[in-house]
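>>> I would like to see how this sequence folds:
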Amino acid sequence: MKMFDVISIGSATLDVFIRSKGLEIEREGGSKDICVRYGAKIPVDEIYFESGGGGTNSAVTFARQGLKVASVVKLAPDFAGKKIKEDLAKEGVATDFCVPDEKGNTDYSTILWAPDGGRTILIYRGETKLEETEIPWEKLETKWFYVSSVEGNLKIVERLLVPPHSLGSAQGQAPKVAWNPGGGELKQKEKVAAILPGITLLNINKEEMEELLGGEGEEWEMKELLSKAGELPCRFVVITDDRNGSYLHQKGDSFWWHCGIFDDVPRVETTGAGDSFGSGLVAGIIKEFSLSDCLKIASANATSVVSQVGAKKGIIKAADINNWLNKEILMERLEL
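The predicted model follows:
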């Protein structure tokens, strides 16, 4: 049975990007809305069809970094499902463990892409939600699992941590688990708390961390948030904060790494930024870069992705790493 460096588990979608000057932005208070005139025919300036979803986007990052990777996603035999599978195969991602759904439809997203680069996503959830019982666990031999949003289905994450471990790994050790949970998972706070001791790396944004540690709508000072998040039982805890950069803590350390952003690269469209950051970070850890360089790689991957349309076009390759590591970016140690 083939041993993989990492297996990605998550969602798969066909993303359709629609850009139009007719998408108007209205501001009210601190919020912005994308609006169209009721009953109007709005000309579309650009349209793109791209595969997406955390289970495929992360897998392509690992593949382009030269790692042996497989993707576990659920696909119907429709146009969207076939394109997603073809895209994965072209990137060198093993599709042996993709779960077939012969009767349903693959998830589909329409991204309304505003003139200022912002977007609103219309999501159609087909019948391709992954179920724990559908995954061929006995065939999954890997050193790492990378789990992104699974539409609130925590049974999948719990299955990864069940002892005695039936999932194979190098030297008979249980695989490491990196987790970038979605909103549906994070709402189940008690179950998440029970899962975290078995998670190697937790990656969420600042607002999600505030909600996880406190309550909905709570806002924390960053120093207080880092201090509290540093007490979580995971080996690595990662917090992203948009243009303020990212923060990484390793269990046992008295400090956090803080990495800025590559602000000299313009943002074109932001779909896939979270997937590319998280998977870029884990790829760096697997390839044994220093933690500060892992943060740079993650930031580079996210920066490159948002500089192009779609979640995969900008994903960097192994040959690009040194160039990005030589670029200037804020990197500092924050003592707790």
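
>>> count of neighbours near residue 190?
Residue 190 has 7 neighbours, counted by other C-beta atoms under 10 Å. The C-beta positions use only the backbone N, C-alpha and C, and glycine is treated the same way.

>>> Check which helices and strands the helix or strand harbouring it is in contact with.
Here residue 190 sits within helix 189-195, counting by DSSP states H and E. Helices and strands touching helix 189-195, by 3 or more C-beta pairs under 8 Å, 6 or more residues apart in numbering; DSSP states H and E, are helix 154-160.

>>> Give the next helix or strand downstream of the helix it packs on.
Using DSSP H and E, the helix or strand that follows helix 154-160 in sequence is strand 176-179.

>>> what comes into contact with that next one?
Here strand 176-179 makes contact (C-beta atoms under 8 Å, 6 or more residues apart in numbering) with 143-147, 157, 160-161, 198-203, 278, 282.

>>> The next helix-or-strand element following the helix holding residue 190 - what's its average pLDDT?
Remark: after helix 189-195, the chain's next helix or strand is strand 201-205, criterion DSSP H and E. The pLDDT scores in strand 201-205 average 98.

>>> Note down every partner strand of strand 201-205 and its orientation.
strand 176-179 (parallel), strand 236-240 (parallel) (DSSP bridges).

>>> quick check, nearest of the contacts of strand 176-179 to residue 304?
Comparing the contacts of strand 176-179 against residue 304 with C-beta to C-beta places residue 278 closest, at 14.5 Å.

>>> Now do the contacts for that closest one.
Applying C-beta under 8 Å, 6+ apart to residue 278 gives the contacts 58, 146, 148, 178, 180, 203, 238, 298.

>>> hmm, 7 Å instead?
58, 180, 203 (C-beta atoms under 7 Å, 6 or more residues apart in numbering).

>>> Could you check how many residues crowd around the nearest residue to the first one once chain neighbours are set aside?
In this case it means residue 58. Using C-beta to C-beta, 6 or more residues apart in numbering and skipping residues adjacent in sequence, the residue nearest residue 58 is residue 279, 3.7 Å away. Residue neighbour count, defined by other C-beta under 10 Å, stands at 32 for residue 279.

>>> going forward can the numbers begin at 809, since that is how I track them
Happy to do that; since the first residue is 809 now, the last one works out to residue 1087.

>>> Which strand or helix spans residue 1087?
helix 1081-1094.

>>> Distance from the chain centre to that helix, please.
With C-alpha atoms, centre = their mean, to the nearest Å as the basis, helix 1081-1094 stands 8 Å off its chain's centre.

>>> which regions of the protein lie under the pLDDT threshold?
Per-residue confidence for the chain (pLDDT under 70) gives these ranges: 971-980.

>>> circling back to that earlier point, for the contacts of strand 984-987, which one is nearest residue 1115?
Minimum distance to residue 1115 across the contacts of strand 984-987 is 18.0 Å, recorded for residue 1086 (C-beta to C-beta).

>>> Give me the contacts around the longest helix seen in the chain.
Longest helix of the chain, by residue count under DSSP state H: helix 1099-1114. Identification of contacts with helix 1099-1114 by C-beta under 7 Å, 6+ apart yields 869, 1054, 1056, 1058, 1065, 1067, 1069-1070, 1073, 1075-1078, 1080-1081, 1084-1085, 1088-1089, 1091-1093, 1097, 1119, 1122-1124, 1129, 1132-1133, 1137, 1139.

>>> Filter these down to the ones in strands?
Applying DSSP state E to the contacts of helix 1099-1114, the entries found in strands are 1054, 1056, 1058, 1065, 1067, 1139.

>>> and the nearest residue to the fifth one once chain neighbours are set aside, how many neighbours?
Spelled out, it's residue 1067. Sequence neighbours aside, residue 1103 is the residue nearest to residue 1067 in space, at 3.9 Å (criterion: C-beta to C-beta, 6+ apart). The number of residues packed near residue 1103 is 26, by other C-beta under 10 Å.

>>> Next: the one 4 residues further on.
If you count neighbours by other C-beta under 10 Å, residue 1107 ends up with 26.

>>> Once you drop chain neighbours, what's closest to the residue nearest the centre of the chain?
The centre of the chain sits closest to residue 1083, judged by C-alpha atoms, centre = their mean, with a distance of 2.4 Å. Using C-beta to C-beta, 6+ apart and skipping residues adjacent in sequence, the residue nearest residue 1083 is residue 865, 3.8 Å away.

>>> quick one: buried residues of stretch 940-953?
943, 945, 948, 949, 950, 951, 952, 953 (16 or more other C-beta atoms under 10 Å).

>>> same check, this time on stretch 855-869
856, 858-869.

>>> Quick one: end-to-end distance for it.
24 Å (C-alpha to C-alpha, to the nearest Å).

>>> Can you show me the strands along the stretch 859-1008 of the chain?
All strands of the stretch 859-1008 of the chain, identified by DSSP state E, counting those that start in this stretch, fall at 877-880, 882-883, 907-908, 915-921, 927-932, 950-955, 984-987.

>>> With residue 822 as the reference, name the closest of those strands.
strand 915-921 (5.3 Å).

>>> Remind me what that closest one packs against, helices and strands.
For strand 915-921, the packing partners by 3 or more C-beta pairs under 7 Å, 6 or more residues apart in numbering; DSSP states H and E come out as strand 821-827, strand 927-932.

>>> Export the ones you listed as JSON lines, with columns for mean neighbour count and distance to residue 1034.
Formatted as JSON lines, the helices and strands packed on strand 915-921 follow (neighbours: other C-beta atoms under 10 Å; distance: least, C-beta to C-beta, whole Å):
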{"stretch": "strand 821-827", "mean neighbour count": "22", "distance to residue 1034": "33"}
{"stretch": "strand 927-932", "mean neighbour count": "14", "distance to residue 1034": "30"}
